[in-house]
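>>> pasting the structure only:
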């Protein structure tokens, strides 16, 4: 009866423990993951087993049946523990095979244990021995159990061999301990000591829950070291105390002959010295069996700060940083990444570009979205991020597969962000330790301080890199500009040659055309004045057409000669005092017929009040004739043209000695702003030439495109200026235009 009460108490405590563990699993981990899901199933079934133990201890009618439940509970717990081991160690191959094997094992054991096939109580299995039905059921149970346990051992061995992450190997080491406890508990149940077996299985459940729920486990070897030190110290201390207690009576008895107090003090001091020696001995044994990596963090930080303080080259900085870290924690590989903040197609991202550090290759660059949970953690939390967290934690499962694959290919264990003024500027990625040990909190604290020291040097290196990149861009731009300038120079030279050739051609052609045209003009004039032809109306019309055409051609040839003289700067001016009022009136008188035909109103303002200037009357007459003809040509019928004279005081419009300004205003179609400079270039004509009418004074009439160019050349040859102003081009609203001509009073000597 006492045994039953003790078993009931153990079972109740186990049930409460399983409830607490199940609540911890639900709180800490998501059941969408395989390992927590199998752990929760294992704990739930263990809770049912504990309840069955309580009920069986109450001497109920079903107690006898519940006592037979141990074998079934062990079978199902073995299956749960096996699949939980696969999930913890991330072993995913042949899962369907083990599902089928599990169903077959359960079915076979159920058939034999319940004797559904009526095989009888005793089965002859071999010669000279018999196997009973319960024994056969036990054989099936133990054989299946052994297969599952052996498979778990194989999975752990493969994980320890193939895994590149120290955290995963550390987790596998803890799972070895969990497996040993499960085997021990199962063995006690097989031996009929169910109460002790379930106690061990409770400890197994606690350890399994810790392995699955905790993301970062203490280093298993460190725990081994501490346990070894504790056990050795306990055993040796007990040995010394036992020897001391055994020897103390004889020593005290002999000490009565001398001094009892002195003898007791000697015994106490001897035991204390032995205990100190035991402590030193245990530490040496532990250091020999489990050597711990020790480093002077202050010395490393001091050397690191001195080494990188003046480094401005990112590659040299990466080499120094990784080498100093390797000196401290002995890593297999390490990289330094520069983080650039980019904006592509309206989306912000972080671009990580690697700088060669301690590894085989310089890793390729990658872009992380700002919304990526990995980028958010490295940017905002400013803490070391383990690769195992990226692989296991649910918050990182939402990251893009491309990002997770990139970090997996690095084969690193820990990522330490580098921040400067709350800005993420770099990333230190460190591979596994050479010793295979995980990164401890002391390691991460040291690496965090080194990352803070790296921030200043990295910021300076980035600034120098930006300056060098900017300098290289300037050099390339300057080289491109030099190349473009050389090309433009060659093109300008070719254009000058072409323009000179064209001017020579115009000059030669004009001179060659002038002689025959002079003859044609003289003969046509004789035909016009002939009395015999004048009496015939039809012949007069033909002769007048020929004569007018010859005169027009003569004007064009003269314009071409004037343009050639302007281009070659050989225009000869015959300077004399003159009045612009007289020059302009002479031009307008010659165009009076055209003004009457087009019904254009011509008015003058202040021309008579202008002072005399020094200039060439014939050349200026040509210039104003082209300007007024241009105003007539682009002013619709019925419009108006106004010629205004304005004195220019000294110092105005770049006229140090003063001058006069002529403003030619019309109510025509205007000039677009982009063409107000081009209209003064030779052979330039606005609009479509095919739509122009013929005639030098007809509305939008065609011409050789030399008039304004000749006018500009003559005005500038006099030291003056000419320009056009207009609100724009509009044939309906007729904004009009203004031509300004500024001439100096006196020509320089």
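Perfect, I can see it now. Computed from a predicted structure; not experimentally measured. Residues are numbered from 1 along each chain as shown.
>>> Name the nearest residue to residue 102, sequence neighbours excluded.
Distance criterion CB to CB, 6 or more residues apart in numbering; nearest residue to residue 102, sequence neighbours excluded, is residue 79 at 5.0 Å. To be clear about C-beta, it is placed using only N, CA and C from the backbone, and glycine gets the same treatment.
>>> what's the answer for residue 365, then?
residue 353 (4.2 Å).
>>> do residue 722 as well
Here the residue nearest residue 722, using CB to CB, 6+ apart, is residue 715, at 4.6 Å.
>>> Need the per-residue pLDDT for the nearest residue to residue 324 once chain neighbours are set aside.
In space, and not counting its chain neighbours, residue 324 is closest to residue 304: 4.7 Å by CB to CB, 6+ apart. pLDDT for residue 304: 76.
>>> Helix or strand: which one has the residue nearest to residue 102?
For residue 79, the element it lies in under DSSP states H and E is helix 69-88.
>>> which other helices and strands contact the helix or strand containing the residue nearest to residue 324?
Per DSSP H and E, residue 304 falls inside helix 297-308. Judged by 3 or more CB pairs under 8 Å, 6 or more residues apart in numbering; DSSP states H and E, the packing partners of helix 297-308 are helix 314-329, helix 441-529.
>>> Do a quick rundown of the strands in the stretch 51-200 of the chain.
In the stretch 51-200 of the chain, the strands defined using DSSP state E, counting those that start in this stretch lie at 122-126, 129-132.
>>> Compare those and say which comes out lowest on pLDDT.
When I compare those, strand 122-126 is least confident, with a mean of 49.
>>> who's in contact with the closest residue to residue 81 other than its chain neighbours?
Once flanking residues are discounted, residue 81 sits nearest to residue 182: 5.7 Å by CB to CB, 6+ apart. Contact analysis of residue 182 by CB atoms under 8 Å, 6 or more residues apart in numbering lists 81, 149, 201, 204.
>>> didn't the second one look like it was pressed against residue 179?
Yes: the pair formed by residue 149 and residue 179 meets the contact definition of CB atoms under 8 Å, at 7.3 Å.
>>> what about these two, which has more around it?
Legend: neighbour count by other CB atoms under 10 Å for residue 149 and residue 179, higher for residue 179 (20 against 17).
>>> ok, the closest residue to that one other than its chain neighbours - contacts?
Leaving aside its sequence neighbours, residue 179 sits nearest to residue 152 (CB to CB, 6+ apart; 5.7 Å). Counting by CB under 8 Å, 6+ apart, residue 152 touches 81-82, 85, 179.
>>> Greatest separation within those: which pair is it?
Greatest spacing in the contacts of residue 152, by CB to CB: 82 and 179 (10.2 Å).
>>> ok, so of the contacts of residue 152, who is nearest residue 403?
Using CB to CB, those come closest to residue 403 at residue 85, 29.7 Å.
>>> Return the distance of the residue nearest to the closest one when sequence neighbours are not counted relative to residue 88.
Leaving aside its sequence neighbours, residue 85 sits nearest to residue 152 (CB to CB, 6+ apart; 4.8 Å). For residue 152, the distance to residue 88 equals 10 Å [CB to CB, to the nearest Å].
>>> Mind listing the residues bridging to the residue nearest to residue 365?
Here residue 353 shows beta-bridge partners residue 338, assigned using DSSP bridges.
>>> okay, now it: neighbour count?
15.
>>> how much space between it and residue 318?
For residue 353, the distance to residue 318 - CB to CB - is 11 Å.
>>> where does the most centrally placed residue in the chain land in three-state SS?
When CA atoms, centre = their mean is applied to the chain, the residue found nearest the centroid is residue 351 (3.1 Å). Three-state call for residue 351 (DSSP: H, G, I helix; E, B strand; the rest coil): strand.
>>> Could you measure from residue 208 over to residue 88?
Residue 208 is 8 Å from residue 88, by CB to CB.
>>> So those two - more neighbours on which side?
The neighbour count for residue 208 versus residue 88, taken as other CB under 10 Å, is higher for residue 208 (28 against 25).
>>> Sticking with the more buried one, tell me its helix or strand.
Counting by DSSP H and E, residue 208 is part of helix 194-213.
>>> just checking, what packs against that helix?
Contacts defined by 3+ CB pairs under 8 Å, 6+ apart place helix 194-213 against helix 2-28, helix 34-57, helix 69-88, helix 166-190.
>>> thinking again about what came up before, do you know how far the residue nearest to residue 179 is from residue 74?
Taking CB to CB, one finds residue 152 at 15 Å from residue 74.
>>> for residue 323, same thing?
Following CB to CB, the distance that separates residue 323 from residue 74 is 55 Å.
>>> Of these two, which one has the most company?
residue 74 (21 against 14).
>>> What is the neighbour count of the nearest residue to the more buried one once chain neighbours are set aside?
Distance criterion CB to CB, 6+ apart; nearest residue to residue 74, sequence neighbours excluded, is residue 189 at 5.4 Å. Counted by other CB under 10 Å, the residues lying close to residue 189 total 22.
>>> Adjust the sequence numbering to begin at 647 for everything that follows.
Noted, 647 is the first residue going forward, which turns the last one into residue 835.
>>> Do I have it right that residue 835 meets residue 843?
Yes: judged on CB under 8 Å, residue 835 makes contact with residue 843 at a distance of 3.8 Å.
>>> Next, count neighbours for the closest residue to residue 1053 other than its chain neighbours.
Of all residues not flanking residue 1053 in the chain, residue 1036 sits nearest, at 5.8 Å (CB to CB, 6+ apart). Number of residues near residue 1036 (other CB under 10 Å) recorded here: 20.
>>> which ones are touching residue 1036?
Contact partners of residue 1036, counting by CB under 8 Å, 6+ apart, are 1020, 1042, 1045, 1050, 1053.
>>> Show me what counts as buried in the strand or helix carrying it.
For residue 1036, the host element (DSSP H and E) is helix 1033-1038. By neighbour count with 16 or more other CB atoms under 10 Å, helix 1033-1038 contains the buried residues 1033-1038.
>>> quick one: average pLDDT of it?
The predicted model assigns helix 1033-1038 a mean pLDDT of 76.
>>> following it, which helix or strand shows up next?
Downstream of helix 1033-1038, the next assigned helix or strand under DSSP H and E is helix 1047-1056.
>>> Can you check what angle separates the next helix or strand after that next one from helix 812-836?
Next along the chain after helix 1047-1056, taking DSSP H and E as the criterion, comes strand 1060-1066. Orientation note: strand 1060-1066 sits at an angle of 140 degrees relative to helix 812-836 (axes from the mean of the first three to the mean of the last three CA atoms, to 10 degrees).
>>> what residues does strand 1060-1066 touch?
Outside strand 1060-1066, the residues that touch it by CB under 8 Å, 6+ apart are 985, 1024-1025, 1028-1033, 1053, 1070-1076, 1085, 1090, 1093-1094, 1097-1098, 1100-1102, 1104-1105.
>>> of the contacts of residue 798, closest to residue 1236?
residue 731 (113.6 Å).
>>> helix/strand/coil for residue 877?
Per three-state DSSP, residue 877 ends up helix.
>>> burial of it, as a residue count?
Using other CB under 10 Å: residue 877 sits among 11 other residues.
>>> Now do it, the pLDDT please.
72.
>>> how far away is residue 1074 from residue 751?
For residue 1074, the distance to residue 751 - CB to CB - is 50 Å.
>>> Neighbour count for these two, which is higher?
residue 1074 (26 against 21).
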